[in-house]
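Asker: need a 3D model of the sequence below.
(one chain, ligands or ions: 1)
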Amino acid sequence: MSASYETLMTLLQVRRSCREFAPHRLEEDVLASLEAAFAQAPQAGGDRHLACHFITDSARLHKLAEAGTQAFADFCDRIPSAFAREEMRQYGENFFWFGNAPALAVVTCRKPPAFLQAVMGDKAALPWGGDLSGAMAAFALLLAAQTLGLGACCLTGPLTVWREMETRLDIPKHDQLVLLVVIGYKKDSI
Ligand SMILES: Cc1cc2nc3c(=O)[nH]c(=O)nc-3n(C[C@H](O)[C@H](O)[C@H](O)COP(=O)(O)O)c2cc1C
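Answerer: Presented below is the predicted three-dimensional model:
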């Protein structure tokens with residue numbers, strides 16, 4: 001099967017971030033289709049242990065957003081410079097709005113191995129490519145969501161408080177959070 005350039009361009013052009021959703025839950029087969037698209041993306045080294053877990057429990061999502069909001073507020077409070085503190089607060093305005101979303105995809109990858117960290121220090125992530133692979137797979141997720149009549153939006157803002165997020169999301173120590181993707185039926189679409 002060959003996909004046409006026109007089809008791809010249409011998909012790329014119509015996809016836009018969605019931040020307002022209908023309260024409708026995502027069906028199991030829809031979640032399975034999203035997972036299948038995610039799994040098709042290329043990965044550095046062929047395997048960076050990418051994972052995409054969907055949170056659809058509204059109470060858990062609500063709590064996660066609330067905890068992130070609080071952790072971010074505490075983080076801002078600890079910034080010594082009044083100017084930087086205010087800049088950071090404004091920067092964070094669009095980070096924790098996902099509490100009422102129908103689903104949140106949690107994208108993780110394996111951290112760089114010990115030998116690479118020993119040799120390259122904090123630059124180990126560059127050749128490892130785990131988070132870039134995760135980002136590519138997230139884009140496959142965005143495009144799949146579009147074809148399934150869903151809206152979606154990537155979120156890296158919540159990673160300002162990555163420790164809080166990783167703890168609450170039970171991410172294993174050898175993995176890291178790459179990004180979150182909010183997904184659902186668009187408001188007024190059904
Ligand atoms: C890696 C990445 C991280 C993003 N993080 C956030 C975020 O934390 N909060 C948010 O509201 N939007 C976030 N976005 C959405 C962007 O703001 C949006 O993609 C951009 O403004 C372009 O708009 P479009 O997606 O409608 O084309 C993110 C997008 C990407 C690709």
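Asker: give me the contact list for stretch 3-20.
Answerer: Outside stretch 3-20, the residues that touch it by CB atoms under 8 Å, 6 or more residues apart in numbering are 97, 142-143, 146-147, 150-154, 182, 184, 186-187. Quick note: C-beta positions are derived from backbone N, CA and C, even for glycine.
Asker: same thing with stretch 52-63?
Answerer: 25-26, 31, 34-35, 38, 64, 98-108, 137, 141, 168-169, 183.
Asker: measure that stretch end to end?
Answerer: Stretch 52-63 has an end-to-end distance of 20 Å (CA to CA, to the nearest Å).
Asker: now swap in stretch 181-190 and tell me
Answerer: Termini of stretch 181-190 sit 21 Å apart (CA to CA).
Asker: returning to what we had before: restricted to buried residues, select the contacts of stretch 3-20 in PyMOL.
Answerer: Provided next is the PyMOL selection string for whichever of those are buried by 16 or more other CB atoms under 10 Å:
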select buried, resi 97+142+146+150+151+152+153+154+182+184+186
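Asker: make a PyMOL selection of the buried ones in the contacts of stretch 52-63.
Answerer: A single PyMOL command selects the buried members of the contacts of stretch 52-63 (16+ other CB under 10 Å):
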select buried, resi 26+31+34+35+38+64+98+101+102+103+104+105+106+107+108+137+141+169+183
